[in-house]
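Chemist: Curious how this folds, go ahead:
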Amino acid sequence: MMGIRVAVIDDHPLFREGVSRSLSEIDGFEIVAEGGSRDEAIAIARSHNPDVMLIDISMPGGGLNAIPAILTVAPSQKIVMLTVSEANDDVAAALKEGAKGYILKGIGARALADVIRTVASGESYVAPTLSAKLLTGQLLNPAPAKSNLVAELTRREQEVLHLVASGMSNKQIARKLDLHEKTVKHHMTQIMAKLNVANRTEAAMVLRDAVDWRPVSQ
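Modeler: Residues are numbered from 1 along each chain as shown. The predicted model follows:
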């Protein structure tokens with residue numbers, strides 16, 4: 001049985017060589033090419049047609065910019081972002097552009113191999129710490145109506161949600177708004193119910209996507 005053909009694109013030679021060496025030592029993998037820029041990634045997709053391409057975000061030409069260009073020359077190419085960036089915007093952009101996976105560079109060789117197998121089989125994968133359910137579901141297939149729900153929140157709930165979106169914990173929000181932490185938790189419960197989301201991260205994403213709402217006056 002042929003191994004999974006992998007290309008590794010990263011502008012740090014030492015890291016790139018380490019990933020290639022680690023994968024080549026695992027049965028079922030073949031490293032067919034290495035590159036260090038967007039242009040090299042596009043050329044490799046065109047000439048080598050690997051099963052899976054591992055691409056860093058921070059490299060000459062930009063890893064995110066490479067995705068649509070690669071899919072133009074190789075529409076069926078499976079791309080996995082292997083990066084240090086945990087930014088929601090980067091994860092969302094990568095998935096929306098067509099990447100099939102998003103993982104962080106702290107991953108071990110065996111776990112990386114499992115992710116590559118998953119993507120090669122036709123599935124998608126996002127590191128669990130990056131809210132995989134949210135990013136592969138709601139961001140790729142957003143429900144526009146949810147944005148309108150923000151306008152239905154009370155003024156206090158909107159205040160709390162804005163602070164949640166800025167990264168504050170319930171304790172920090174309570175201190176800033178001079179409320180009991182239990183009260184903030186109650187507001188969050190109400191917010192999540194009204195927005196029909198499962199956690200504070202999803203609530204923050206709904207707020208970020210709500211471009212057409214006006215705060216209630218009272």
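Chemist: so where does residue 14 fall, helix or strand?
Modeler: If you go by DSSP states H and E, residue 14 is part of helix 13-24.
Chemist: List the buried residues for that helix?
Modeler: 16, 19, 20, 22, 23 (16 or more other Cβ atoms under 10 Å). No exception for glycine: its C-beta is placed from N, CA and C like everyone else's.
Chemist: Now do the same contact list for the third one.
Modeler: Counting by Cβ atoms under 8 Å, 6 or more residues apart in numbering, residue 20 touches 8, 31, 34.
Chemist: Give me the spatial nearest neighbour of the second one, chain neighbours excluded.
Modeler: Closest residue in space to residue 31, ignoring its immediate chain neighbours: residue 20 at 4.5 Å, by Cβ to Cβ, 6 or more residues apart in numbering.
Chemist: State the pLDDT value of the one you found.
Modeler: Residue 20 is assigned 95 on the pLDDT scale.
Chemist: mind listing what the residue lying closest to residue 17 once chain neighbours are set aside touches?
Modeler: Nearest-residue entry for residue 17: residue 34, 7.6 Å, with adjacent residues in sequence omitted and distances by Cβ to Cβ, 6+ apart. By Cβ under 8 Å, 6+ apart, the residues touching residue 34 are 7, 8, 9, 16, 17, 20.
Chemist: one more time with 7 Å, if that's ok
Modeler: By Cβ atoms under 7 Å, 6 or more residues apart in numbering, the contact set of residue 34 is 7, 8, 16, 20.
Chemist: For the second one, which three-state class applies?
Modeler: To tie it back to what came earlier, the one meant is residue 8. Residue 8 carries the three-state label strand when classified by DSSP: H, G, I helix; E, B strand; the rest coil.
Chemist: For the closest residue in space to residue 113 that isn't next to it in sequence, what is the enclosing helix or strand?
Modeler: Leaving aside its sequence neighbours, residue 113 sits nearest to residue 26 (Cβ to Cβ, 6+ apart; 5.0 Å). Residue 26 is part of no helix or strand, with elements assigned from DSSP H and E.
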